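J.: Quick one: sequence plus predicted model below, questions after.
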Amino acid sequence: MKVKRIVIDTLEKNNIHLTKGKLDFFTYSLRPKYADNIAMAPYGQNRDVAIVIQGPVKYEDDFTLESIKLYKKMFPDSEVILATWDNESPEMLQKAKEYGAIISLSDYEGLGELKNSPVNLQMTNTLAGMKIAADLGVKYIAKTRTDQRIYCPKAWKLCKKMLDMFPLEAKTPDGASYVPQGRVIASSLGTFSNRLYNVSDLFLFGYAKDMVQYFSCPYDERDYREIEQIKHECDETGDAFTYSKTRSGEIYFSTAYLESCGIELDWTMDHSLEMIKDRFIIIDQETIDLYWAKYGDKEYKWRKYRDNERALTQLTFSDWLIKQ
């Protein structure tokens, strides 16, 4: 604690020197690592929400375990499901149970060559957790990750309110294999307007049956290394169209979901933005205080202030709302 206090004091006392004569202001944000140090009281009833925490466990600072502990503190009547792999530490899994989590274990080696694709990995344990949540009879499912954390106790109340305020009005085409109950909520973090159908899968919230459908995709049996090579070349050249057409990562899930709803994708920017406007809700990461340290500790990883900063343009709640 002393070291942290010294760092904070140094930043506060010297912030003027960090920015004086420079072209930028410097800000910082601190979040407690451990649930016991977080003064977050529950906000209303959320027994109709199940939380699915998906992915391999993050052991550093007991991150995943502390996230479970925090969620049971902020949302005591919400079931928490840790959807992970059967090769995780038995001691950690036992602690997760003691903290109140339901454990869903997927067979990692049983995937064979399919586990070479991150899409297949995410789909396997996420869907397993989603099905457990749906079987509990909850109305809503929140999907998050083992390496990220939500600090806002009002998050589920907000998401439910958003689904009520913005019901799904777009009609489902005849012959669709799935008729959605409502929109799907996604975070601005990782949602990019200049990649087609790029709806972030880092955080998702929706009606239980819609969430199960979102991850009920066929396995991706393509050569993952070839796809990664194409994506790398697109990142180098700024070719967002070809990148999108690889249908990798979050784009794989969003496009498969839209197609299951009877949507014929035409792979144009206008259609992509129309689908995000009509069938999704984008909320800002700040609204639910979403913390994700992957790719560095920069608070706003893709926020642009200058034209030459990044090729990616993050789509925010204000961008989404203006289009309504």
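T.: Thanks, I have it.
J.: Only C-alpha atoms from now on, for both contacts and neighbour counts.
T.: Will do.
J.: quick one, what contacts the closest residue to Ser187 other than its chain neighbours?
T.: Closest residue to Ser187 apart from its sequence neighbours, by Cα to Cα, 6 or more residues apart in numbering: Ile283 at 5.1 Å. With contacts defined as Cα atoms under 8 Å, 6 or more residues apart in numbering, Ile283 is in contact with 185-188, 316-317.
J.: Name the spans of this protein whose pLDDT lies under the cut-off.
T.: Low-confidence segments of the chain (pLDDT under 70): 1-21, 295-296, 308-311.
J.: mind checking the SS state of Glu226?
T.: Following DSSP: H, G, I helix; E, B strand; the rest coil, the label given to Glu226 is helix.
J.: got the contact list for it?
T.: Residues near Glu226 by Cα under 8 Å, 6+ apart: none.
J.: Ramachandran coordinates for the residue nearest to Ser187?
T.: phi -110, psi 150 (degrees, to the nearest 10).
J.: cool, Ala293 as well?
T.: The phi and psi torsions at Ala293 (degrees, to the nearest 10) take the values phi -90, psi 0.
J.: That one contacts Gln148, correct?
T.: Yes. Applying Cα atoms under 8 Å as the test, Ala293 and Gln148 come out as touching, 7.3 Å apart.
J.: Comparing the two, which shows the higher neighbour count?
T.: When Ala293 and Gln148 are compared for neighbours, Gln148 comes out ahead with 20 against 12, by other Cα atoms under 10 Å.
J.: Could you tell me which of the contacts of Ile283 are located in strands?
T.: The strands, defined by DSSP state E, take in 185-187 from these.
J.: would you turn these into a markdown table with neighbour count?
T.: Shown next, in a markdown table, are the ones in strands among the contacts of Ile283 (neighbours: other Cα atoms under 10 Å):
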| residue | neighbour count |
| --- | --- |
| Ile185 | 24 |
| Ala186 | 26 |
| Ser187 | 25 |
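J.: ok, and the closest non-adjacent residue to the one residue sitting closest to the centre of the chain?
T.: The chain has Leu202 as the residue nearest its centroid, 1.6 Å off, counting by Cα atoms, centre = their mean. Of all residues beyond its chain neighbours, the one nearest Leu202 is Thr144 (6.3 Å), with distances taken as Cα to Cα, 6+ apart.
J.: Now the one you found, what are its backbone angles?
T.: phi -130, psi -170.
J.: No further queries at this time; thank you.
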